[in-house]
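Visitor: I'll drop the sequence and a predicted model, then ask my questions.
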Amino acid sequence: VLYGWIKKRIAFQFTWFTAVFALLYITYAIGCSYTRHWDWASTYLENKVSFLVMPLLFCFRLKKPMKLQPIAWALIAANVLLMIIGVVNAYSIYRVSGDIIGSFTSSAISPIHHPTYFAAFNMFTLILVWWGRSKKWHYFGTRNTLLFFFFSAMVQIVCASLAGILFFNVM
């Protein structure tokens with residue numbers, strides 16, 4: 001965001017959505033000032049500073065549209081790479097333990113990220129692939145989209161993330 005702002009590629013645009021989150025944080029801070037346990041309250045205030053930072057970051061808008069196709073390809077490549085790393089890790093665990101279910105699910109298949117984060121990353125990529133198909137991007141035809149869909153479904157299942165599986169079913 002800072003780089004884009006310096007290069008004048010983005011502009012700040014105030015939204016009421018941001019103001020509501022800032023107001024929530026201020027209200028929380030005022031409530032924390034009435035506590036006898038400032039050590040706990042200050043920790044909670046620090047944890048909730050994302051109520052200020054994240055909406056503020058989303059107030060920055062691109063001045064001209066960005067091409068999403070290169071981003072989609074990068075996400076697909078990263079998704080496939082993460083799954084390959086996961087399968088290699090799971091296989092090495094399987095060789096030692098002999099437990100196929102425990103070796104090829106959850107943290108074993110997602111050793112770099114928490115399985116729920118990997119499931120969310122996978123779903124975001126899948127949504128972008130479907131978006132590319134709807135926009136008729138090159139190489140985002142029915143066959144490739146369905147192939148990636150089945151790949152993503154397998155990723156969602158082996159991550160064994162309840163949130164990921166529920167979100168996948170809702171989609």
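Guide: Yep, that arrived.
Visitor: Tell me where the chain has helices.
Guide: Ranges of helices within the chain are 2-6, 16-32, 38-47, 50-57, 69-97, 100-103, 115-134, 142-159, 162-170, based on DSSP state H.
Visitor: Tell me the residue in the protein that is farthest from the middle.
Guide: residue 36 (37.0 Å; Cα atoms, centre = their mean).
Visitor: Count the neighbours of the closest residue to residue 69 other than its chain neighbours for me.
Guide: Excluding its sequence neighbours, the residue lying closest to residue 69 (Cβ to Cβ, 6 or more residues apart in numbering) is residue 137, at 5.2 Å. Every residue, glycine included, has its C-beta placed from N, CA and C. By other Cβ atoms under 10 Å, 16 other residues sit near residue 137.
Visitor: Can you tell me the closest non-neighbouring residue to residue 116?
Guide: Closest to residue 116 by Cβ to Cβ, 6+ apart is residue 161, at 4.2 Å.
Visitor: Give the bridge partners for the closest residue to residue 60 other than its chain neighbours, please.
Guide: Nearest non-adjacent residue to residue 60, counting by Cβ to Cβ, 6+ apart: residue 10, 4.6 Å away. Legend: beta-bridge partners of residue 10 under DSSP bridges are residue 62.
Visitor: so who does residue 10 touch?
Guide: Counting by Cβ atoms under 8 Å, 6 or more residues apart in numbering, residue 10 touches 1, 4, 60-63.
Visitor: Swap in 6 Å and give it another go.
Guide: Taking Cβ atoms under 6 Å, 6 or more residues apart in numbering, we find residue 10 in contact with 4, 60, 62.
Visitor: Kindly reformat those as JSON lines containing neighbour count, pLDDT and distance to residue 114.
Guide: Formatted as JSON lines, the contacts of residue 10 follow (neighbours: other Cβ atoms under 10 Å; pLDDT from 0 to 100; distance: Cβ to Cβ, whole Å):
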{"residue": "4", "neighbour count": "14", "pLDDT": "82", "distance to residue 114": "29"}
{"residue": "60", "neighbour count": "15", "pLDDT": "86", "distance to residue 114": "28"}
{"residue": "62", "neighbour count": "10", "pLDDT": "86", "distance to residue 114": "30"}
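Visitor: out of these, who's nearest residue 54?
Guide: residue 60 (11.7 Å; Cβ to Cβ).
Visitor: Could you check how far the closest one is from residue 158?
Guide: Distance, residue 60 to residue 158, by Cβ to Cβ, to the nearest Å: 36 Å.
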